[in-house]
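# Predicted model, plus sequence, below.
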Amino acid sequence: MSKRMWYDSFIRSIIKFIGNFAEGAEISTSRYREYMENTEKNILLAESDIQEKVKELGKRISKDYEGRELLVVGILKGALIFMADLVRNISLPLTLDFMAVSSYGASTTSSGVVRILRDLEQDIYGKDVLIVEDIIDTGLTLNYLLANLKSRQPRTLKICSLLDKPTKRVVEVSPDYLGFEIPDLFVIGYGLDYAEQYRQLPYIAVLEE
Ligand code: IMP
């Protein structure tokens, strides 16, 4: 191969490579658009409604705990986004910690089995602890967490949940602070997932099955 031919083939390979890359980006952008459009059809709670409620909850919590210091415990992964917005609306000194518990996996019904996947880093003895949850459904997860955390003797232990689906409750448990009560629908977005997808939606939508 002459020097010139080698040079032409080299340039063609580069153009082909850039072309493939651009095509890939186009595909992923259109897939994302389709993904968002499908969920936008089923919006249950708009971003503005959620943000307004989060502000209101932050104000109430700041007032109720005035003069105290809070330890906010987020239940991963569902509460992550709600918690991030909530704490930015709480005007108190506070620290954060996280627990991860097993969820439904790729199913939309509760297995009733609760397993701690990640425990707290901090000792909660004598502290004002606020658990932040995404949603209470059967109540099994929270019931287990409450019993577990109470045994560590915090000064106070309260629950703040963004959503509540009271119709499917199996055990008696209710949040001290609640965003919205919703009907028995499987919802996604604002931290809530289906098979680990949709957590980044800024609104809450009903999953189409
Ligand atoms: P519970 O133990 O039945 O109260 O379920 C609590 C957990 O189940 C929540 O923290 C969620 O992770 C998950 N979950 C329950 N309902 C939904 C839903 O509608 N969408 C997404 N996750 C849900």
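Yes, it's here. Numbers count the residues shown, from 1 in each chain.

# Would you mind naming what in this protein lies close to the ligand?
78, 103-104, 110, 133-142, 186-187, 192 (CB under 6 Å from any ligand atom). C-beta coordinates here come from the backbone N, C-alpha and C atoms, glycine included.

# Tell me the buried residues within those residues.
The neighbour count (16 or more other CB atoms under 10 Å) marks 78, 103, 110, 133-142, 186-187, 192 as buried among the residues of the chain next to the ligand.

# Next, R33: secondary structure please.
Of the three states, R33 takes helix under DSSP: H, G, I helix; E, B strand; the rest coil.

# Kindly report the same for Q200.
Under three-state DSSP, Q200 comes out as coil.

# Mind checking which of the residues of the chain next to the ligand are in helices?
L140, T141, L142 (DSSP state H).

# Same list (those residues) but as JSON lines, adding pLDDT.
Formatted as JSON lines, those follow (pLDDT from 0 to 100):
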{"residue": "L140", "pLDDT": "90"}
{"residue": "T141", "pLDDT": "90"}
{"residue": "L142", "pLDDT": "93"}
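
# could the residues you listed be laid out in CSV, adding distance to T156?
Shown next, in CSV, are those (distance: CB to CB, whole Å):
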residue, distance to T156
L140, 23
T141, 20
L142, 16
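
# From the residues you listed, pick the one nearest R60.
Nearest to R60 among these is L142, at 19.4 Å by CB to CB.

# what's the closest non-adjacent residue to the closest one?
In space, and not counting its chain neighbours, L142 is closest to V173: 5.0 Å by CB to CB, 6 or more residues apart in numbering.

# Let's see which of the residues of the chain next to the ligand end up in strands.
In this view, the residues of the chain next to the ligand that belong to strands under DSSP state E are E133, D134, I135, I136, V187.

# Please point out which parts of stretch 164-178 sit buried.
Neighbour-count burial for stretch 164-178 [16+ other CB under 10 Å]: D164, K165, R169, V173, P175, Y177, L178.

# what two of these are the furthest from one another?
Pairwise distances across the buried residues of stretch 164-178 (CB to CB) peak at 17.6 Å, for the pair R169 and Y177.

# Look up how far the ligand lies from Q122.
Look at Q122 and the ligand: by CB to the nearest ligand atom, to the nearest Å, they are 21 Å apart.

# Can you report how many residues lie near that residue?
By other CB atoms under 10 Å, the residues close to Q122 number 12.

# what are the bridge partners for the residue nearest to it when sequence neighbours are not counted, then?
In space, and not counting its chain neighbours, Q122 is closest to D97: 5.1 Å by CB to CB, 6+ apart. D97 has the following beta-bridge partners by DSSP bridges: V73.

# contacting residues around D97?
Listed by CB atoms under 8 Å, 6 or more residues apart in numbering, the contact set of D97 reads L71, V72, V73, G74, L120, E121, Q122.

# same thing but 6 Å
V73, L120, E121, Q122 (CB atoms under 6 Å, 6 or more residues apart in numbering).

# got CSV for those residues, with pLDDT too?
Output for the contacts of D97, formatted as CSV (pLDDT from 0 to 100):
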residue, pLDDT
V73, 98
L120, 97
E121, 97
Q122, 94
